[in-house]
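Asks: Structure for the following, please:
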Amino acid sequence: MKANLSLVIAVAVTFFLNLHVASAVTASVSESPSATEAVLYSFLGTADGLYPDAGLVMDTSGNLYGTTAYGGGQGSCILITNLYCGTAFELSPSAGGGYTETVLHGFGAGTDGQNPQANLVLRNGDLYGTTAYGGTHGFGTVFVLARVAGVWKEKVIHNFAGGADDGQTPAAGLVFDKKGNLHGTTNMGGPYPCGDFTCGTVFELSPVTGGGWKESILYTFIGGADGANPLSNLIFDSSGNLYGTTDGGGTSFFGTVFELSPVSGGWTESVIHSFTGGTDGQAPQAGVVFDAKGNLYGATVRGGSTDTGVVFKLSPASGGGWTEAILHSLSGDSQDPGFQSGVIFGGENLYGTTGGTARLGGTVYELIPTKSGPWTITVLYTFNGAPDGSQPHGGLIRGSSGNLYGTTYEGGDLVEPGGGGVVFEVTP
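Replies: Numbering: from 1, shown residues only. A predicted model of the protein is given here:
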């Protein structure tokens, strides 16, 4: 699980921020009487995959693509005894109803990578992703899956080397810029110590004329007020700036939201919010999203009124800096457990998942803005384990019909404690 990559941060530096923090807001929780869930596929833990830890991507034909952290029938992974090394898969709608799963690649713990924990990115018919481990040095890879004569083939386009000069253990997906360069984060790597490990990086991969890719490290986290150990995807704004979160670091060591801006000869980092671990949240493990007005939205795993997470909004302040507002602070009861994923927009409303407790639970929720006061939260679906799934770690995507698609890490039809996870569809 991605949360297991979080590290205790023990290095501090002085860093000055212009931030404004709003008080926490908790809204009452209601359940939707009409929303329904359908399990599109239940993983059985052999060649088909096991424990999907990330969200999905959909093509224009309605096919869904994703990864599982284990299973696949290849390799001998050492992190958990007797579990295979993960898959990249496709779910295609069947003519008679339902979905058919195809394993596009089973990772083998060798040079092809091991244990993908992030979503895939679709570009020009090819799929790009990361593996947290494996590769030439064992520190993870960036790979591309492309159809060759009708068959999907995997190619590693970067092997992370770790150490002072490269990243290590990428736990997040990738984003393309307008020029076709790839950008992402690694949870560890770089020269700066964070406890027993290192503090992580932001990297860029650029295609090279004649073939291949060249890596550049855009930023290396120090582990103090600048943040540490990112687990999240990145996003671009219209000016080419990058935004993301760190699980640790910051002025209170409870995580940050940061901005990376291109400057002559490199990039510069600014922390736009440093979480205090109190009512404003703690440990953002997913990325952030923009609205049309330039505000950022995200979620944290901990913090808030019951220390089970918040949904937050960051707005540019007129005098500089950013102002945080809490849209919802989780109640911590069985219908409103801690956040794992980030949020997406559907019109003006936000949608997301909560992670649930071990081997049971989790929800899909909708947050609706009001003219004044807290946003209204509605639980669209509560997971029960078997057969509908439990622990939706990955984020959601929204189809053209408005239905929501995602994965759960456990639950489903596999006959073993916890289950092997599912791909689901929720109709609001």
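
Asks: could you pull out the strands for the stretch 51-200 of the chain?
Replies: All strands of the stretch 51-200 of the chain, identified by DSSP state E, counting those that start in this stretch, fall at 57-58, 64-68, 87-93, 99-106, 121-123, 126-131, 141-148, 151-159, 167-168, 175-176, 182-186, 188-189, 193-194, 197-198.

Asks: just so I know, which of these lies nearest Glu348?
Replies: strand 57-58 (22.0 Å; Cβ to Cβ). The way it works is simple: take the backbone N, C-alpha and C, and place the C-beta from them, glycine included.

Asks: Which strands border the closest one, and is each parallel or antiparallel?
Replies: Paired with strand 57-58 in the same sheet, following DSSP bridges, are strand 64-68 (antiparallel).

Asks: gap between the partner strand and the chain center?
Replies: Relative to the centre of its chain, strand 64-68 is centred 13 Å away, using Cα atoms, centre = their mean, to the nearest Å.

Asks: List the buried residues for that strand?
Replies: By neighbour count with 16 or more other Cβ atoms under 10 Å, strand 64-68 contains the buried residues Leu64, Tyr65, Gly66, Thr67, Thr68.

Asks: Quick one: residues contacting the residue nearest to the first one when sequence neighbours are not counted.
Replies: This points to Leu64. Nearest residue to Leu64, sequence neighbours excluded (Cβ to Cβ, 6 or more residues apart in numbering): Leu91, at 4.3 Å. The contact partners of Leu91, by Cβ atoms under 8 Å, 6 or more residues apart in numbering, come to Leu40, Tyr41, Asn63, Leu64, Tyr65, Gly66, Tyr99, Thr100, Glu101, Thr102, Val423.

Asks: tell me which element the second one falls in.
Replies: According to DSSP states H and E, Tyr41 maps onto strand 36-42.

Asks: ok so, going back, and which of the contacts of Leu91 is nearest to Phe139?
Replies: When the contacts of Leu91 are compared against Phe139 (criterion: Cβ to Cβ), the nearest one is Gly66, at 23.0 Å.

Asks: quick one, what contacts that closest one?
Replies: Here Gly66 is in contact with 52, 54-57, 88-89, 91, 119-120, 394, 407, 423 (Cβ under 8 Å, 6+ apart).

Asks: circling back to that earlier point, bridged to the residue nearest to Leu64, which residues?
Replies: Leu64, Glu101.

Asks: Quick one: the strands in the stretch 201-350 of the chain, in order.
Replies: For the stretch 201-350 of the chain, applying DSSP E, counting those that start in this stretch gives strands covering 201-207, 213-220, 235-236, 242-246, 256-263, 266-274, 289-290, 296-299, 310-316, 322-329, 339-346, 349-354.

Asks: Not counting the next helix or strand after the last one itself, show me its contacts.
Replies: In the C-terminal direction, the helix or strand that comes right after strand 349-354 (DSSP H and E) is strand 363-368. Counting contacts by Cβ under 8 Å, 6+ apart, the residues outside strand 363-368 that touch it are 32, 35, 37, 311, 327-328, 335-337, 343, 346, 348-354, 356, 375-383, 392, 396, 404, 406, 426, 428.
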